[in-house]
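In: structural data only, the sequence is not supplied:
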């Protein structure tokens, strides 16, 4: 092996000149010197690294990587070279290889805070937040003034559901850099997730004062304004967003949702989709905008219009996702024969990789009576994504139709559904007193005129944003009492490492969503599942007389039912279990389990709180 060279005095001077050219923005001139030195001192690691840096700045990424690796062969594990190679790999999207380089550099120089930071950033880019948290804590132990490390730590902690830690991370970063717009935006988002929308709005406003008011920032502000029950301000800002940014898709969806729920559009006083339709008409070539409008139309059951738009769109451009959406529209319009042809066509392109499409296809197959094939595709979906709740819901139905005993194994309606009272929350003498106070808190949040478009709710309203975390004593007391009840229930569940629900049991859990529902007479929840949860729930706050006690022509009116798939599948299967609600009681069940509320006829509303939970990861 040739001896490693060092640059002599003259060559080192030329290298310094090249680095100065790089810093001044003249990489072409730097490259000329770098090539000269690489010829003069081919065994010098510094010459190869200079060549690599110059090539990278000139846009020759492949040549830069080759030169970096040549430098590393001459000086293995040299931290500066490894780090520069990692930066090149990160810029070219090769995050896994970049992470390996940063880990190598960190092992060689464990006391360098910036290297630990880079390990954390690379892990975060690879959606490995636990690894990122470990590295970022090391970086901050070495240097607590690293703003980027606090920012990244906040993001990583949010990813694992530690909202307390995420808030602290972002606030620590802001202590060091108070005018950082990204930190302000991320802190505002976490505060909204924590159910503190008024604080969230204030930080979004600070962010708008520290940088450009992007449509994404404005749209996020709309969400916090709504959660804070500042509905008129939310509507005004949502209108402003779509007027100033007519091709910003998320803004149109936000405005349509708001207009649907919080204006009189449903009573004929305006079109909640007017702005959305107008923007689509003005930008016919914006495929994503057209698809977003079509998706909203399908959710709102304007299926004829959605189909017409799809047909026009497919005449201009076509791809498998459009075919799948076309099939879905036909299915909703009860044209299964036409839908079958398109589903089969789309399956050949996307079926093996997309669990959402597979579930749409399974719905069609169940309705068409092809139960065995439905079970096969549902199994394929959970192989792709083992925690995909929708696929398990459909698989349970397919197994039931096939007489397969695995439905009992999966759902176990007696053991995996629990209905129990919660303890009277702290600060209240008894449950009736607490429920009266809680009802008053919840009623103030029910200002929507109709149910959300993309929810199972019919004939009622749902509170916006996160319920838990709001600065309300009753809601906070309920959250604490529910958490104790759920963790007590989990502790009693049996271990079953091969079961999709029981295998995820953990010592503690975290709320991923929380809301209140107010059903009016004839109101109900259509049979549905919760894709964002592991455990789902219903806590009963107040009930109509007809629900508290069986009466009338339907003794189960207002009850919660389990195991019955959606009526629109036409399967005519009865529920597997029905539970009569009791005020102060909590129902718990796996999120993949079909559940719904039977309509009731009573002038007194039915008021509940619901939430989803996931296992909380334990970190040593």
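Out: Sure, I can see it. Everything numeric in this text was worked out from a predicted model, so none of it was measured. Residues are numbered from 1 along each chain as shown.
In: count the residues that sit near residue 614.
Out: Look at residue 614: counted by other CB atoms under 10 Å, it has 20 neighbours. C-beta coordinates here come from the backbone N, C-alpha and C atoms, glycine included.
In: which helices and strands sit right next to whatever helix or strand it lives in?
Out: In the assignment (DSSP states H and E), residue 614 maps to strand 606-615. Strand 606-615 sits against helix 431-443, helix 473-492, strand 509-528, strand 535-542, with contacts defined as 3 or more CB pairs under 8 Å, 6 or more residues apart in numbering; DSSP states H and E.
In: again, 7 Å this time
Out: Contacts defined by 3 or more CB pairs under 7 Å, 6 or more residues apart in numbering; DSSP states H and E place strand 606-615 against strand 509-528, strand 535-542.
In: and of those strands, who's closest to residue 571?
Out: strand 509-528 (10.7 Å; CB to CB).
In: in the closest one, what counts as buried?
Out: Judged by neighbour count (16 or more other CB atoms under 10 Å), strand 509-528 contains these buried residues: 509-521, 523-525, 527-528.
In: likewise for stretch 485-498?
Out: 485-486, 490.
In: can you add distance to residue 263 and pLDDT and give those residues back as a markdown table?
Out: As requested, the buried residues of stretch 485-498 are exported to a markdown table (distance: CB to CB, whole Å; pLDDT from 0 to 100):
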| residue | distance to residue 263 | pLDDT |
| --- | --- | --- |
| 485 | 38 | 95 |
| 486 | 37 | 95 |
| 490 | 42 | 93 |
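In: quick check, nearest of those residues to residue 165?
Out: residue 486 (21.3 Å).
In: quick one, what contacts the residue nearest to the closest one when sequence neighbours are not counted?
Out: By the measure of CB to CB, 6 or more residues apart in numbering, the closest residue to residue 486 outside its immediate chain neighbours is residue 509, 6.0 Å from it. By CB atoms under 7 Å, 6 or more residues apart in numbering, residue 509 lies in contact with 486-487, 490, 535, 613-616.
In: kindly recompute the last result at 10 Å.
Out: 161, 483, 486-487, 489-490, 534-535, 612-616 (CB atoms under 10 Å, 6 or more residues apart in numbering).
In: on the three-state scheme, the spatially closest residue to residue 497 that is not a sequence neighbour is what?
Out: Leaving out its chain neighbours, the residue that sits closest to residue 497 by CB to CB, 6+ apart is residue 503, at 5.0 Å. Classification of residue 503 using DSSP: H, G, I helix; E, B strand; the rest coil returns helix.
In: residue ranges with poor pLDDT in the protein?
Out: 1-2, 265-270, 551-552, 618-620 (pLDDT under 70).
In: how about the strands in it?
Out: Per DSSP state E, the chain carries strands over the ranges 418-421, 457-462, 509-528, 535-542, 560-562, 577-579, 585-590, 595-597, 606-615.
In: how close does the residue nearest the centre of the chain get to residue 591?
Out: In the chain, the centroid-proximal residue (CA atoms, centre = their mean) is residue 532; its distance is 8.0 Å. Distance from residue 532 to residue 591, counting by CB to CB, to the nearest Å: 8 Å.
In: pull up the overlap in contacts between these two.
Out: Jointly contacting residue 532 and residue 591 under the rule CB under 10 Å, 6+ apart are 389, 512, 612, 614.
In: the first one against residue 530, yeah?
Out: Right, the one you point to is residue 389. Yes - counting by CB atoms under 10 Å, residue 389 does reach residue 530; the two are 6.4 Å apart.
In: which residues do these two both contact?
Out: Residues touching both residue 389 and residue 530 (CB under 10 Å, 6+ apart) are 536, 590-593, 612.
In: which of those residues lies closest to residue 228?
Out: Residue 228 lies nearest to residue 612 out of the shared contacts of residue 389 and residue 530, by CB to CB, at 22.2 Å.
In: the closest one: neighbouring residues, count only.
Out: Residue neighbour count, defined by other CB under 10 Å, stands at 21 for residue 612.
In: and what of residue 556?
Out: For residue 556, the neighbour count with other CB under 10 Å is 15.
In: do you know how far it is from residue 174?
Out: As for residue 556, its distance to residue 174 is 53 Å (criterion: CB to CB).
In: how about residue 33?
Out: As judged by CB to CB, residue 33 and residue 174 stand 43 Å apart.
In: domains in the protein, by residue range?
Out: 9-167, 418-615 (automatic domain parsing).
In: on that earlier part again, what two of the contacts of residue 509 are the furthest from one another?
Out: Every pair of the contacts of residue 509 checked by CB to CB; the farthest is 161 and 489, at 19.4 Å.
In: thinking again about what came up before, from the shared contacts of residue 389 and residue 530, which two are the most distant?
Out: 593 and 612 (12.5 Å).
In: I'd say residue 242 and residue 255 touch.
Out: Yes - here residue 242 lies in contact with residue 255, judged by CB under 10 Å, at a distance of 5.4 Å.
In: any common contacting residues for the two?
Out: 219, 275-276.
In: overlap of the contact sets of residue 593 and residue 612?
Out: Between them, residue 593 and residue 612 share the contacting residues 389, 530, 536, judged by CB under 10 Å, 6+ apart.
In: so what's the second one up against?
Out: When the contact criterion is CB under 10 Å, 6+ apart, the partners of residue 530 are 389-390, 393, 456, 512-513, 536-537, 589-593, 595, 610-613.
In: excluding chain neighbours, what is closest to residue 533?
Out: The nearest residue in space to residue 533 (CB to CB, 6+ apart) is residue 612, at 3.0 Å.
In: and that neighbour, how far from residue 299?
Out: Taking CB to CB, one finds residue 612 at 20 Å from residue 299.
In: now swap in residue 472 and tell me
Out: Going from residue 472 to residue 299 by CB to CB gives 31 Å.
In: comparing the two, which residue is more hemmed in?
Out: Each of residue 472 and residue 299 had its neighbours counted (other CB under 10 Å), and the higher figure belongs to residue 472 (20 against 16).
In: which residues touch that one?
Out: Residue 472 makes contact with 195, 437-438, 440-442, 444-445, 478-479 under the criterion CB under 10 Å, 6+ apart.
In: one more time with 8 Å, if that's ok
Out: Contacts here follow CB atoms under 8 Å, 6 or more residues apart in numbering; on that basis residue 472 touches residue 441.
In: pretty sure residue 120 sits against residue 154.
Out: No - between residue 120 and residue 154 there is no contact, the gap being 11.6 Å when judged by CB atoms under 8 Å.
In: between the two, which has more neighbouring residues?
Out: Between residue 120 and residue 154, counted using other CB under 10 Å, residue 120 has the larger neighbour count: 32 against 28.
In: who does residue 585 form a beta bridge with?
Out: residue 421 (DSSP bridges).
In: which one is residue 321 nearest to, not counting chain neighbours?
Out: Excluding the flanking residues, the one nearest residue 321 by CB to CB, 6+ apart is residue 350, at 7.2 Å.
In: where's the one you found relative to residue 139, distance?
Out: According to CB to CB, residue 350 and residue 139 sit 41 Å apart.
In: neighbour count for these two, which is higher?
Out: residue 139 (26 against 17).
In: right, and that one touches residue 111 too?
Out: No - checked against CB under 8 Å, the pair residue 139 and residue 111 is beyond contact range at 10.7 Å.
In: need the contact list for residue 512.
Out: Taking CB under 8 Å, 6+ apart as the test, what residue 512 contacts is 161, 532-533, 611-614.
In: how about these, which pair is most distant?
Out: Pairwise distances across the contacts of residue 512 peak at 13.5 Å for 161 and 611 (criterion: CB to CB).
In: more neighbours: these two, which one.
Out: Neighbours per residue, other CB under 10 Å: of residue 161 and residue 611, the larger number sits with residue 611, 26 against 20.
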